[in-house]
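Undergrad: No sequence on hand, only this structure:
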DNA sequence: TTGACAGGCAAGTCAATGCTTGCCTGTTGT
DNA sequence: ACAACAGGCAAGCATTGACTTGCCTGTCAA
């Protein structure tokens, strides 16, 4: 579970999540070019690939193979319990 | 805003948030002993102090001076918008 | 079949960061 | 006043982690 927090710590990985949330099922090359164009991320293909490994390990990204392509999409479920962890003392009522 | 994610990336800092959420307004020494006793965190006083600096910079912890004591309490507001960032494609309806 | 393409693996480099050590400032109680 | 206590500052060390480089595997189209 700590993997989720570590995965979110890097701004490039957050940009990857942003981009993949905006456009699902991108290939690695497509993701790289869109990261460069729309998020000012100038990382190499290998760097992006390694970031995605971290996101996959954290359970935030799922992959699907199709021939020589590999598609990735965001799984936001691990995020849903993050904020709740320290909101126990929230004021009751609306 | 990226400071919040970076602050949450370290397990010791998450333990500090846990402990401070459980018992508000602790001094540094009190926090250290409780971290050791209840969270198996064996960090020195200076290490804990530096972690708290990171949490303060992220806006997750507020401090209040009272004489030679300094009390700290969690401000969970920066966390409330974290999860929402990547939940845009959530299924609609309940 | 073979060359081009999508992606993966592994070692090495370099900067960020968690932690320690030693010393200093300010406050309180006797 | 002064000793004990709560906390802060700064330099140094060691680990983590992001990124690059070079090469390899597997797939598709001409």
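TA: Structure received. From a predicted model like this one, the values you see are computed outputs, not experimental measurements. Numbering: from 1, shown residues only, chains lettered A, B, ... in the order given.
Undergrad: SS state for residue A:59?
TA: Look at residue A:59: counting by DSSP: H, G, I helix; E, B strand; the rest coil, its state is coil.
Undergrad: I'd say it and residue A:8 touch.
TA: No. The pair residue A:59 / residue A:8 is not scored as a contact, 11.9 Å apart, by CB atoms under 8 Å. Where you see a C-beta, it was placed from the backbone N, CA and C, and this is true even at glycine.
Undergrad: Check what pLDDT residue A:83 gets.
TA: On the pLDDT scale, residue A:83 is placed at 72.
Undergrad: What distance do you get for the residue of chain A found nearest DNA strand D to residue A:27?
TA: Residue of chain A nearest DNA strand D, by CB to the nearest atom of the strand: residue A:67 (2.3 Å). Per CB to CB, to the nearest Å, residue A:67 is found 11 Å from residue A:27.
Undergrad: same question, residue A:40
TA: According to CB to CB, residue A:40 and residue A:27 sit 21 Å apart.
Undergrad: More neighbours: which of these two?
TA: Regarding residue A:40 and residue A:27, a neighbour count based on other CB atoms under 10 Å in any protein chain shown identifies residue A:27 as having more, with 14 against 8.
Undergrad: isn't that one right next to residue A:73, touching?
TA: No. Counting by CB under 8 Å, residue A:73 is not a contact partner of residue A:27; they are 11.8 Å apart.
Undergrad: Chain A: helices as residue ranges?
TA: Counting by DSSP state H, chain A has helices at residues A:2-8, A:11-22, A:28-39, A:45-57.
Undergrad: CSV for the ones you listed, including distance to chain B, mean neighbour count and mean pLDDT?
TA: CSV is the format used below for those (distance: least, CB to the nearest CB, whole Å; neighbours: other CB atoms under 10 Å in any protein chain shown; pLDDT from 0 to 100):
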stretch, distance to chain B, mean neighbour count, mean pLDDT
helix A:2-8, 5, 19, 91
helix A:11-22, 5, 19, 95
helix A:28-39, 13, 16, 94
helix A:45-57, 11, 16, 97
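Undergrad: how close does the residue of chain A closest to DNA strand D get to residue A:30?
TA: On the measure of CB to CB, residue A:67 and residue A:30 end up 15 Å apart.
Undergrad: cool, and residue A:4?
TA: From residue A:4 to residue A:30 the distance is 25 Å (CB to CB).
Undergrad: Same question for residue A:69.
TA: 10 Å.
Undergrad: Also residue A:87?
TA: 37 Å.
Undergrad: Skipping its backbone neighbours, what lies nearest the spatially most central residue of chain A in space?
TA: When CA atoms, centre = their mean is applied to chain A, the residue found nearest the centroid is residue A:17 (3.3 Å). Distances taken as CB to CB, 6 or more residues apart in numbering or on different chains put residue B:86 closest to residue A:17, at 5.4 Å, once the chain neighbours are dropped.
Undergrad: swap in residue A:49?
TA: Residue A:49 sits nearest to residue A:28 (CB to CB, 6+ apart), 6.1 Å away.
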